[in-house]
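In: Okay, structure incoming, though there's no sequence with it:
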């Protein structure tokens, strides 16, 4: 059910559950559920709920967690989303066994529940329009008004409800409402709608139904049918809890306990599926799995690992009050995970050609390179070295400023795993003056990167052999939104004004070492000195390698924590 690296933690939800177990509140094991709506792809915010629900179940003997699709709105639901949700939950490392359910599985029972409430005088069919219902509802500061149809007889309500079910009325013409209290201080208790007329085919039930239950009615009763003990929701459902309890008490059925927690807010990110869908539909991104999206499929394609996301969810914990987490913490968790297991390779993103004038013509040297200094068991690999190389263009300056220690005319540097080289000449384009080639010499006595006379150099550069390197397209990703709080910015600006114009840069003329030939889609590694990368799962081919930068090597979160520690200590 849950990954072996998942750690039990302590928070207010787990404290409540522990107390319920101690008091013997429920028979049987702890039973939770993850209930996504199949109207979009899951995002990093859903990962927090997935880890919480599946994690809590796994922490208790015999604990269970269901995957239930809340498919009560046929207009917005697609089979594509259902399959994507399954894939994302499994990718995160969780398994629901044979407990995959759908709210539509319970349409018959939900309708029977509705009939029971009508027979008991607790629900009625209303002819008010949606606009009139909102008007009659009142405000938080004034009571609502009763519908003129509120006091229909039970017989009339039963007849109208059955005719609604048979499809006699057009969309929006009638609804079934619970009869509670139009003066209740909680607006959700002012005769909420239970069913609406909607002539739309359902992805599972086809045209069998033309009335569909509202979420507030389907939610609690679905929990009850499945024997859920603890219904864990995000904080926006706190005001809905009295209604959740009212339906269950009125129907006198199994009563789970609803507990709310604060949803995840992340800087430079939007979590609204409606806004994410707008990004996709308006073409601001290339799809739900665009590597800049906060969707789990987007993060997976970018190179994020399930271990890093689970670690992130464990670190941010569970709170009762909304707050915003710096995206730098998510990136920090990713770096920590990839640093331990990502093999190191060399690649050059903006190549500058180097010709080693004194290197024997046609000679190829096979040098030993460490695969992962954090994991000795990863061993070494052979990297070819020749007389013509590529280095990073930024690693050379013709007129270097003070403290620039990389390659410059007359300066000696180390090539990683290879030799010391010295720049002796700079070749430029006659028309543009652009540097196109460097001529260097090498010291054959420094093979492996150390000098016998123990002389030191101040810089070590990565490189690839021009004759052996593999061409690659490299995509450099940054935050999709420039502003730290784009949700707030959307109150005043539209999407294009908030998007980061540099969220994606594509470099077409890159080179990587030959060990990446035929690299499988999704393969992860560190390009030394450049960052963590993965092979793109959609666009990379055998004859066209495409790499996505997952995250840079610079750890912003570690710097933030270090700065905070200094302040506290000082």
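Out: Ah, there it is. Note that the coordinates shown come from a computational prediction; the quantities given were computed from them, not determined experimentally.
In: so which strand or helix has residue 312?
Out: According to DSSP states H and E, residue 312 maps onto helix 306-316.
In: Could you list the buried residues of that helix?
Out: Neighbour-count burial for helix 306-316 flags 306, 307, 308, 309, 310, 311, 312, 313, 314, 316 (criterion: 16 or more other C-beta atoms under 10 Å). The way it works is simple: take the backbone N, C-alpha and C, and place the C-beta from them, glycine included.
In: surely residue 104 meets residue 68?
Out: No - counting by C-beta atoms under 8 Å, residue 104 does not reach residue 68; the two are 10.3 Å apart.
In: where along the stretch 101-250 of the chain do the strands fall?
Out: Remark: strands assigned in the stretch 101-250 of the chain by DSSP state E, counting those that start in this stretch are 123-126, 175-178, 193-197, 211-213, 230-234.
In: Give me the helices and strands touching the second one, please.
Out: Same thing as strand 175-178. In this structure, strand 175-178 makes packing contacts with helix 107-119, strand 123-126, strand 193-197, helix 241-251, judged by 3 or more C-beta pairs under 8 Å, 6 or more residues apart in numbering; DSSP states H and E.
In: which parts of the first one are buried?
Out: Think helix 107-119. Neighbour-count burial for helix 107-119 flags 107, 110, 111, 113, 114, 115, 117, 118 (criterion: 16+ other C-beta under 10 Å).
In: relative orientation of that helix and strand 193-197 in degrees?
Out: Calculated by axes from the mean of the first three to the mean of the last three C-alpha atoms, to 10 degrees, helix 107-119 forms an angle of 120 degrees with strand 193-197.
In: So what's the gap between helix 107-119 and the chain middle?
Out: Computed by C-alpha atoms, centre = their mean, to the nearest Å, the separation of helix 107-119 from the middle of its chain amounts to 38 Å.
In: From the rest of the structure, what touches that helix?
Out: By C-beta atoms under 8 Å, 6 or more residues apart in numbering, the list of residues contacting helix 107-119 from outside reads 103, 123-124, 154, 157-158, 161, 165, 176, 178, 194-195, 205, 208-209, 213, 217-218, 221-222, 225, 247, 250-251, 253.
In: Would you mind getting the angle between it and helix 241-251?
Out: If you take the same axes, to 10 degrees, helix 107-119 sits at 80 degrees to helix 241-251.
In: if I pick residue 397, what's in contact with it?
Out: Contact analysis of residue 397 by C-beta under 8 Å, 6+ apart lists 404, 406, 407, 408.
In: for residue 133, same thing?
Out: Residue 133 touches 126, 147, 175, 193, counting by C-beta under 8 Å, 6+ apart.
In: before we move on, back to that, TSV for the contacts of residue 397, including neighbour count and pLDDT?
Out: Putting the contacts of residue 397 into TSV (neighbours: other C-beta atoms under 10 Å; pLDDT from 0 to 100) gives the following:
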residue	neighbour count	pLDDT
404	15	95
406	17	96
407	25	98
408	18	98
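In: Next, give me the two most distant ones among the residues you listed.
Out: Within the contacts of residue 397, 404 and 407 form the most distant pair, 9.5 Å apart (C-beta to C-beta).
In: State the phi and psi torsions of residue 474.
Out: phi -120, psi 130 (degrees, to the nearest 10).
In: Pull out the buried residues from stretch 81-88.
Out: Within stretch 81-88, the residues that qualify as buried are 81, 82, 84, 85, 88, counting by 16+ other C-beta under 10 Å.
In: residue contacts, the fourth one?
Out: Residues in contact with residue 85, defined by C-beta under 8 Å, 6+ apart, are 36, 38, 41, 42, 67, 69.
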